[in-house]
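>>> any chance you can model this:
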Amino acid sequence: MAYGSPDSLQALPGYLADIRSGRVTTSAVLGGVAGNYEKIGGSSPLLANTKTQADAIQTSLGTDRFRCYVGMRHFAPWIEETIREMLDDGITSAVSIVMAPHFSSLSIAKYHAHIEAGLDMYRGAIDFKHIESYHDAPGLIEAFAARVVATLAEWRSTERPEVHVIFTAHSLPVRVVESGDPYDAQLRETARLIAARASVAAEQWSWSYQSAGRSQEAWLGPQLLEHLESLASEGVRNAVCLPIGFVTDHVEILYDIDIQAQIRAKELGIRLIRPPSLNIDPLFIAQLADLIRERA
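Residues are numbered from 1 along each chain as shown. Down below sits the predicted model:
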C-alpha cells in the first residue's frame, strides 16, 4: 500500500478533499499544490512506481504461495476496492505492508483502518497480518547506506570537499509525537544506523523534516529549508540530502527536494545532492520479500 496521488491536475481537488477529511481547501492551497505538480509534469509517478515495486516483490516471492496486490489510501486503486478484488479472488489470508518504513498512528494505522473498512464494506473475511514498521531492517539500512557511500565517493573522486549529510522525512503534527507516537524515534534510529553503516561521523550528519502540511497547527521540525539556512550559517557548503522516510520517487521528493530545496540551497551557496530513491533496489526488495515471508 502507498499514499496515493492524483493522476491529473483535474483530479487534484477531489484528492485534496479526501486528504483533508472535509476541511475546506482554499484556492491558495489548491493553486500552490497544483503548481508543485505542474513543475514535475502534472502528475506523480507514485502509483506506477508502487506497481513496479509490487511486481519486483512478486518476482522475489514467486507465485506458488503469494499473489501481490496494490492499494492506495487516497486515490485509485483504493485500498477498499483492492480488498474487494482479493475477496473475489478467494483470498483468505494476507500480509499487509505500507511502502513507508516508520510507524505512526497518523500514517500506518490509517492504512489498517482502510483494510478493515474494505472488509466491512464487502462483508468479507481475510486474516490479515500487518507489518507495522521496518525502520531498522538490515536490507533497508544497507540500501540507504550504499547510496550515501556511493554519492560521497563520486563527489570525492574529483575533489575532497567537506560534505554534510542531511536525513529527512515527511513532517507530522507535533501533537502526534507528544501523544507517545514512535514515528520520530524510529526515524532517528534509522538515521543513526545508516550513518554508522556508511561511516559518517556524528558531526557530519543532521536531521530535518520536510513537506509539512498546510494547516495552522505546529508541525515537527526543523523544516528542510530552514535547516539549510542554519547549515549555511555554520559554514556548510556541500550537502547530501537523503529522504529516509520515502522509498520511491513522488512529489515530496521531485518537487520539495529536487526543485524547492535546490533553489534555496543555491541561494545559500550550498551544493546539494540527492541520491537516487530506493524504488526497486535489489537489497530493498529482497528485504521486503523476507519480511513478508516471515510475517506469513
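>>> distance of the nearest residue to Val70 once chain neighbours are set aside from Ala109?
Take Val70 and drop its neighbours on the chain: the residue closest to it by C-beta to C-beta, 6 or more residues apart in numbering is Ala54, 5.0 Å away. C-beta coordinates here come from the backbone N, C-alpha and C atoms, glycine included. Per C-beta to C-beta, to the nearest Å, Ala54 is found 22 Å from Ala109.
>>> then His135?
15 Å.
>>> tell me which of those two has more neighbours.
For His135 and Ala109, the more surrounded residue by other C-beta atoms under 10 Å is His135, and the numbers stand at 23 against 14.
>>> tell me where this structure has strands.
Counting by DSSP state E, the chain has strands at residues 93-97, 127-131, 164-170, 205-210, 238-243, 271-273.
>>> any idea of the mean pLDDT in the second one?
Meaning strand 127-131. Mean pLDDT, computed over strand 127-131, is 98.
>>> and it, what does it pack onto?
strand 93-97, helix 108-121, helix 282-295 (3 or more C-beta pairs under 8 Å, 6 or more residues apart in numbering; DSSP states H and E).
>>> using JSON lines, lay out the ones you listed together with distance to Leu224.
Output for these, formatted as JSON lines (distance: least, C-beta to C-beta, whole Å):
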{"stretch": "strand 93-97", "distance to Leu224": "27"}
{"stretch": "helix 108-121", "distance to Leu224": "23"}
{"stretch": "helix 282-295", "distance to Leu224": "23"}
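>>> turn these into JSON lines, columns for mean pLDDT and distance to Gly213.
Output for these, formatted as JSON lines (pLDDT from 0 to 100; distance: least, C-beta to C-beta, whole Å):
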{"stretch": "strand 93-97", "mean pLDDT": "98", "distance to Gly213": "24"}
{"stretch": "helix 108-121", "mean pLDDT": "98", "distance to Gly213": "14"}
{"stretch": "helix 282-295", "mean pLDDT": "98", "distance to Gly213": "27"}
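>>> check Trp155 and give its pLDDT.
At Trp155, pLDDT is 82.
>>> is it true that it touches Ala239?
No - in this structure, Trp155 is not within contact of Ala239 by C-beta atoms under 8 Å, at 10.5 Å.
>>> of these two, who's got more company?
Ala239 (24 against 16).
>>> wait, doesn't the more buried one sit right on Val165?
Yes - using C-beta under 8 Å, Ala239 is in contact with Val165, at 7.2 Å.
>>> hey, what's in contact with both of Trp155 and Ala239?
Shared contacts of Trp155 and Ala239, defined by C-beta atoms under 8 Å, 6 or more residues apart in numbering, comprise Val163, Ile273.
>>> show me where the stretch 51-200 of the chain has its helices.
Remark: helices assigned in the stretch 51-200 of the chain by DSSP state H, counting those that start in this stretch are 79-88, 108-121, 138-156, 174-178, 183-197.
>>> of the ones you listed, which approaches Thr26 most closely?
helix 174-178 (22.3 Å; C-beta to C-beta).
>>> nothing else from me, thank you.
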